[in-house]
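J.: Okay, sequence plus prediction incoming.
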Amino acid sequence: LLVGGAAFNDESRMRTAALFNTLWDGEPIRRIRAGTGAAFLPGRRCTAHVMLQPVVADKLFGDPMLDGIGMLARTLLVAPESTAGTRMFRQVPAACQQALVEYGARLDHLLRRPPAAKADDPSVLDPPPLRLHPDAVRLWIAFHDAAEAQLLPGGEFVTIKAFGAKLAEHVGRLAAVLTVYADPDAMEVPPEMMVHGIMLAKYYAAEMLRLQGASTVTPDLRLAARLLAWWQARPDPRCHLAAIYQRGLNALGNAATARRIVGILVEHGWVERLPPRTELDGAPRRDAWELVP
């Protein structure tokens, strides 16, 4: 509903992205609605963990407007490869269960702590500043300068320049979150947490690079790759058009789409056309192909 609803339709997505940017930056929220009028909301915090199906994510993260306005640069993305077909039953080790119990108890403790708010207005958050240990400062500066250098032509982050420009800020935020998780009363980010923040930021940068490259792949090429995997798993390397769109991928639900996607496989040398009226499944077929050995 978040991505497919009114918030991200053609008329609203720029406004929604600008609002998310404001939330990330910690600025007061200004809202005007016809029914309730104007609202000014200072001292608010927002975090969100959103899970998207690949087809929805491709549309969102391939949007040049959202990239240009800076919303994607403020987002930490992960898209692990599917484990479908390999999720065999395994007994859960006791250590894993204990780790989850401790994690849940920690979150419960943090969520039950009274938030630091202004004395004269408990609805406005006013947390104390979390400073950096001098050694953490040196680590952060070194990472900042190294990341900045990768924005130059030929650098690692050229293709994700907006995200790379905010990478050092992500490091600071991650290090701060890890610090408070470990010690809710901490007033200083220690160097070891800065190291962990840098490690996480490098991982997110690698994911952004991988996903940015994947976003340039057209939907037809993705379908072609899926069709090829399905085809290669069949015992017979030969296949005809009706079998592809009737018994193959759901996304290839008609002859025209199936013919177009097979054409991509032909163009790239994965399959070759069989002679007209080749008999398959007990009938002569006008459109039939065979995997190239």
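T.: Cool, got the structure.
J.: count of residues packed around Thr47?
T.: If you count neighbours by other Cβ atoms under 10 Å, Thr47 ends up with 7. Bear in mind the C-beta positions are built from the backbone N, C-alpha and C, glycine included.
J.: what's the distance between it and Leu200?
T.: From Thr47 over to Leu200 the distance is 15 Å, taken as Cβ to Cβ, to the nearest Å.
J.: now swap in Ala95 and tell me
T.: Ala95 is 23 Å from Leu200, by Cβ to Cβ.
J.: So these two - more neighbours on which side?
T.: Leu200 (17 against 8).
J.: Which strands or helices does the strand or helix carrying that one pack on?
T.: If you go by DSSP states H and E, Leu200 is part of helix 191-215. Under the contact criterion of 3 or more Cβ pairs under 8 Å, 6 or more residues apart in numbering; DSSP states H and E, helix 191-215 touches helix 54-61, helix 134-149, helix 161-165, helix 167-182.
J.: Please repeat the previous calculation with a cut-off of 6 Å.
T.: Judged by 3 or more Cβ pairs under 6 Å, 6 or more residues apart in numbering; DSSP states H and E, helix 191-215 is in contact with helix 134-149, helix 167-182.
J.: List the contacts of the first one.
T.: Right, the one you point to is helix 134-149. Helix 134-149 is contacted from outside by Gly164, Leu167, Ala168, Val171, Val189, Pro191, Met194, Ile198, using Cβ atoms under 6 Å, 6 or more residues apart in numbering.
J.: which of the residues you listed sit farthest apart?
T.: Gly164 and Pro191 (23.2 Å; Cβ to Cβ).
J.: Looking at those two, which is more packed in?
T.: Gly164 (21 against 17).
J.: What is the neighbour count of the closest residue to the more buried one other than its chain neighbours?
T.: Leaving out its chain neighbours, the residue that sits closest to Gly164 by Cβ to Cβ, 6 or more residues apart in numbering is Phe157, at 3.1 Å. If you count neighbours by other Cβ under 10 Å, Phe157 ends up with 20.
J.: OK, contacts around Phe157?
T.: Neighbour list for Phe157: Gln150, Leu151, Gly164 [criterion: Cβ under 6 Å, 6+ apart].
J.: what pLDDT does the last one get?
T.: Per-residue pLDDT puts Gly164 at 95.
J.: Equivalent analysis for the second one, please.
T.: Looking at Leu151, its pLDDT reads 96.
J.: Just confirm it is within a strand.
T.: No - under DSSP: H, G, I helix; E, B strand; the rest coil, Leu151 falls outside any strand and is assigned coil.
J.: which residues does it contact?
T.: Leu151 touches Phe157, Lys161, Gly164, counting by Cβ under 6 Å, 6+ apart.
J.: so where's the protein shaky on pLDDT?
T.: Counting by pLDDT under 70, the chain has low-confidence residues at 1-2, 4, 62, 213-218.
J.: Kindly recompute the last result at 90.
T.: Scanning the chain for pLDDT under 90 picks out the ranges 1-20, 22-23, 25-72, 79-85, 123, 159, 208-223, 225-226, 247-253, 293.
J.: Restrict stretch 96-107 to CA atoms and write it as CSV.
T.: Taking Å, rounded to 0.1, in the frame of the first residue of the first chain, the C-alpha atoms of stretch 96-107 are listed here in CSV:
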residue,chain,number,x,y,z
CYS,A,96,20.3,-19.1,18.1
GLN,A,97,17.1,-19.2,20.2
GLN,A,98,19.0,-17.6,23.1
ALA,A,99,20.3,-14.8,20.9
LEU,A,100,16.7,-14.1,19.7
VAL,A,101,15.5,-14.1,23.3
GLU,A,102,18.2,-11.6,24.4
TYR,A,103,17.6,-9.4,21.4
GLY,A,104,13.8,-9.3,22.1
ALA,A,105,14.5,-8.5,25.7
ARG,A,106,16.9,-5.7,24.7
LEU,A,107,14.4,-4.1,22.4
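J.: Just name the most buried of the helices and strands packed on helix 191-215.
T.: helix 167-182 (a mean of 19; mean count of other Cβ atoms under 10 Å).
J.: quick one: contacts of that helix?
T.: Here helix 167-182 has contacts from 130, 143-144, 147, 186, 189, 193-194, 196-198, 200-201, 205, using Cβ under 6 Å, 6+ apart.
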